[in-house]
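Chemist: kindly generate the corresponding structure for this input.
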Amino acid sequence: MRAIDYITYNDVYGGIYQSQVIDVVKKLNSDFDSTVSLKAFVPLKLWREQSKLIKNHLPDAKVYPILGRVSSISRTKKLIKKNNRVAICRGPLAFELARSKYGKCIYDGRAAVRAEVQEYNVAGSAQIGEVLINAEVTAVQESDAIIAVSNKLISYWEEYLKLDFDRKKVVVIPCTLSTYFNEEIRDSREADVVRIVYSGGIGPWQSFDKVTKLLATSLKAQSNLKALFLTKEHEGINKLIENFPGRVERKWLKHHEVSSALSACDYGILIRENNWTNKVASPVKFAEYLKAGLKVLISKELGDFSEVVSQENLGVTISDSIPELRKPTVEEKKKSQAYCVAHLTKDAPEIKSSYESLLSLINNE
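Modeler: Predicted coordinates for the structure are as follows:
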């Protein structure tokens, strides 16, 4: 088994970094015949802070400062000595950083990068956008193996970018949760009330204005409906609280408090705009909702998950409006959690099989 470095570039510690980077490194080391080390490249001004945070959760991690502009990696690349190790590169700039330094480079594709640049201007400037777009093409075409966060991401590379690559080198691994579950499925309070919860951020790709408009219509149409927002303050939420007194609530909770709050609800809402950024997405929030026993109100063509909701009867796919909702039974809630355990945890058989396939590609000389 060749030594593996998992490389992140311009990512900072948070809940997603913990679950999708640090927990993955730990799982690969504990459950597979592999030796994986984390190498994190973070903004120079955040280096001391991020080094402390990351090492607090993974003491053996190596944390380096990004030298110069984020989009110009030549100076930072000098921090890496040429070697025969394997690099798993989270995102196209991490791949660009590693590709001339490692024996093998694996592209961990988390998003439709060109689409994000064009649809949401995530780069902030045309120059950085061009760097990201070119780096994505290079990563897909030159990688020795690819992790795709969804099957729809593979379609994006083929249909939108028109790239030619060997599908046999691609392994699909969605965003997953740890296996530990501490929330017992139970009847939620107020048997005659149906509770919808929104948990997450309010970034432009999360279509928050659409979420609040849909909920405003549903709250008006269904008198036994209540809504809970687990997010930061937003004008749209304030309007709902004003227009539907006693029926809309907003909380900003600590991470360990979120699961319990979710489990007291009935439906989790996951609505996104219909564009390539969202068509390829694998929001970990989907798994978190199911873990809490919720049924999911999901927009059409949201990664691979919209089809899962329809096929497995795990909620409702939404287009222009939310239909009248009934309170799910305890058995239905248990079904949601069971699906999460079986398919969207790091111990799920198909997830373990996917990592085994990835390691097989890495070790195939």
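Chemist: contacts, neighbours, all on C-alpha from now
Modeler: Noted.
Chemist: now do the helix of greatest length in the chain: distance to the chain's middle.
Modeler: For the chain, the helix that runs over the most residues, judged by DSSP state H, is helix 126-142. When distances are taken as CA atoms, centre = their mean, to the nearest Å, helix 126-142 is centred 21 Å away from the chain's centroid.
Chemist: same check on stretch 198-213?
Modeler: On CA atoms, centre = their mean, the centre of stretch 198-213 falls 15 Å from the chain's centre.
Chemist: in that stretch, what counts as buried?
Modeler: Buried residues in stretch 198-213, defined by neighbour count with 16 or more other CA atoms under 10 Å: 198, 199, 205, 206, 207, 208, 211, 212.
Chemist: so among these, where is pLDDT lowest?
Modeler: In terms of pLDDT, residue 205 ranks lowest among the buried residues of stretch 198-213, with 76.
Chemist: wait, what's in contact with that residue?
Modeler: Counting by CA atoms under 8 Å, 6 or more residues apart in numbering, residue 205 touches 120, 272, 273, 277, 278.
Chemist: rewinding a little: among the buried residues of stretch 198-213, which ones are in strands?
Modeler: 198, 199 (DSSP state E).
Chemist: now the buried residues of stretch 198-213 as a markdown table including distance to residue 54?
Modeler: A markdown table is the format used below for the buried residues of stretch 198-213 (distance: CA to CA, whole Å):
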| residue | distance to residue 54 |
| --- | --- |
| 198 | 28 |
| 199 | 25 |
| 205 | 27 |
| 206 | 27 |
| 207 | 30 |
| 208 | 30 |
| 211 | 33 |
| 212 | 35 |
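Chemist: now the two most distant members of the contacts of residue 205.
Modeler: Farthest pair in the contacts of residue 205 (CA to CA) is 120 and 272. Separation: 12.8 Å.
Chemist: neighbour count for the two, which is higher?
Modeler: For residue 120 versus residue 272, the count of surrounding residues by other CA atoms under 10 Å is larger for residue 272: 23 against 14.
Chemist: give me the pLDDT for the more buried one.
Modeler: Predicted confidence (pLDDT) for residue 272: 92.
Chemist: who touches the helix or strand of the chain at the bottom of the mean pLDDT ranking?
Modeler: Here the helix or strand of the chain ranked lowest by mean pLDDT, DSSP states H and E is helix 255-263, holding a mean of 89. Applying CA under 8 Å, 6+ apart, the contact partners of helix 255-263 are 183, 185, 188, 197, 230, 288, 289, 292, 293, 294.
Chemist: isn't the fourth one up against residue 229?
Modeler: Yes: the pair residue 197 / residue 229 is scored as a contact, 5.8 Å apart, by CA atoms under 8 Å.
Chemist: then stretch 149-163 to PDB, C-alphas only?
Modeler: Extracted in PDB, the C-alpha atoms of stretch 149-163 (Å, rounded to 0.1, in the frame of the first residue of the first chain):
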ATOM      1  CA  VAL A 149     -19.500  13.400  -5.300                       C
ATOM      2  CA  SER A 150     -22.500  12.300  -7.500                       C
ATOM      3  CA  ASN A 151     -23.300  10.500 -10.700                       C
ATOM      4  CA  LYS A 152     -24.700  13.800 -12.000                       C
ATOM      5  CA  LEU A 153     -21.200  15.300 -11.600                       C
ATOM      6  CA  ILE A 154     -19.900  12.800 -14.000                       C
ATOM      7  CA  SER A 155     -22.600  13.800 -16.500                       C
ATOM      8  CA  TYR A 156     -21.600  17.400 -16.000                       C
ATOM      9  CA  TRP A 157     -18.000  16.700 -17.000                       C
ATOM     10  CA  GLU A 158     -19.300  14.800 -20.100                       C
ATOM     11  CA  GLU A 159     -22.200  16.900 -21.200                       C
ATOM     12  CA  TYR A 160     -21.300  20.500 -20.000                       C
ATOM     13  CA  LEU A 161     -17.600  20.500 -20.200                       C
ATOM     14  CA  LYS A 162     -17.400  18.000 -23.100                       C
ATOM     15  CA  LEU A 163     -14.500  16.200 -21.600                       C
END
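Chemist: neighbour count for residue 197 and residue 229, which is higher?
Modeler: The neighbour count for residue 197 versus residue 229, taken as other CA under 10 Å, is higher for residue 197 (27 against 18).
Chemist: give me the pLDDT value at that one.
Modeler: The confidence metric pLDDT takes the value 98 at residue 197.
Chemist: just residue 72 next, same as before
Modeler: 87.
Chemist: and for residue 33?
Modeler: 84.
Chemist: for the stretch 101-250 of the chain, which spans come out with low pLDDT?
Modeler: Residues of the stretch 101-250 of the chain meeting the criterion pLDDT under 70: 180-183, 186-189.
Chemist: quick one: the helices in it, in order.
Modeler: 113-120, 126-142, 151-155, 208-221, 235-243 (DSSP state H, counting those that start in this stretch).
Chemist: quick check: end-to-end length of stretch 47-66?
Modeler: End-to-end distance of stretch 47-66 (CA to CA, to the nearest Å): 8 Å.
Chemist: please point out which parts of it sit buried.
Modeler: Here stretch 47-66 shows 47, 50, 51, 54, 58, 61, 62, 63, 64, 65, 66 as buried, counting by 16+ other CA under 10 Å.
Chemist: secondary structure element for the closest residue to the first one other than its chain neighbours?
Modeler: Using CA to CA, 6 or more residues apart in numbering and skipping the chain neighbours, the partner closest in space to residue 47 is residue 65 (5.5 Å). Remark: residue 65 resides in strand 62-66, with elements defined by DSSP states H and E.
Chemist: kind regards, and thank you for your time.
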